[in-house]
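Chemist: Next comes the sequence, and after it the predicted model I'd like to discuss.
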Amino acid sequence: MRQIEWSMWANEQAIISSSVIMFGGIIGISGFFTAWEIGIYAVLVAILVFVVEYPRGKRVKGRTTERKFQKLFTRLVNCSGFLGRNYFIRFLFHLILCVPLCFILATIMGGLCLFVTSMIYLVAAFKGEQWKPVGLEEKPVEDTKKELKSFRQPKKPPPRAPPQGIEDNQL
């Protein structure tokens, strides 16, 4: 039986959490809540979590399927260095961001989803997992340049059958 990669699960959970937070934030802004400022905070947090979590990390074994348009976000997270790679930092990041979301009804579901995401990242950190970029590694020149084997150009044209209705003696 294979070992569970907790970080992959946490990444998918964070993407879904960002969409739940976004919807809750929009409802919090437009729903005439007394603390509508938390709705604005929720929209900003949803965008921030989406940008940080959109690039998938490299799997330990097997192939990693990249998300569409992931390279730009991967470069951004990769440039953050230790802060982007370490899952203890992501645990704290998500835990701190989820606290204000639990103060109004519109965003409480997104806050709880983000709390679950942070707990999964804590488990991934204790298991020793770390985020590695996908798609940024340079491929060797030998692998990218494929040698095409082709045949030589023919010297004579291919034989053709005589047209129908013409006999050999008429040629």
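Modeler: On my side now, so go ahead. Residues are numbered from 1 along each chain as shown.
Chemist: Quick check: which ranges of the protein have low pLDDT?
Modeler: Applying pLDDT under 70 to the chain flags residues 1-2, 62, 135-148, 166-171.
Chemist: max-length helix in it?
Modeler: Criterion DSSP state H: the longest helix present in the chain is helix 6-30.
Chemist: Going by contacts, tell me the helices and strands next to that helix.
Modeler: Applying 3 or more C-beta pairs under 8 Å, 6 or more residues apart in numbering; DSSP states H and E, one finds that helix 6-30 contacts helix 36-53, helix 87-98, helix 108-126. The C-beta positions use only the backbone N, C-alpha and C, and glycine is treated the same way.
Chemist: Buried residues in it, which are they?
Modeler: Under the neighbour-count criterion of 16 or more other C-beta atoms under 10 Å, helix 6-30 has 6-8, 10-11, 13-15, 17-18, 20-29 buried.
Chemist: try stretch 49-59
Modeler: Buried-residue list, stretch 49-59, by 16+ other C-beta under 10 Å: Val49, Phe50, Val52, Glu53, Tyr54, Pro55, Arg56, Gly57, Lys58.
Chemist: closest to Cys113 among those?
Modeler: Of all the buried residues of stretch 49-59, Cys113 sits closest to Val49, with 10.0 Å by C-beta to C-beta.
Chemist: Check the spacing between that closest one and Gln13 real quick.
Modeler: Distance, Val49 to Gln13, using C-beta to C-beta, to the nearest Å: 11 Å.
Chemist: State the distance from the closest residue to Arg67 other than its chain neighbours to Asn11.
Modeler: Nearest residue to Arg67 in three dimensions, chain neighbours excluded: Arg56, at 6.0 Å (C-beta to C-beta, 6 or more residues apart in numbering). Distance of Arg56 to Asn11, computed by C-beta to C-beta: 6 Å.
Chemist: before we move on, back to that, centre of the chain to the longest helix of the chain, how far?
Modeler: Distance, stretch centre to chain centre, for helix 6-30: 15 Å (C-alpha atoms, centre = their mean, to the nearest Å).
Chemist: That helix relative to helix 87-98, how many degrees between them?
Modeler: 20 degrees (axes from the mean of the first three to the mean of the last three C-alpha atoms, to 10 degrees).
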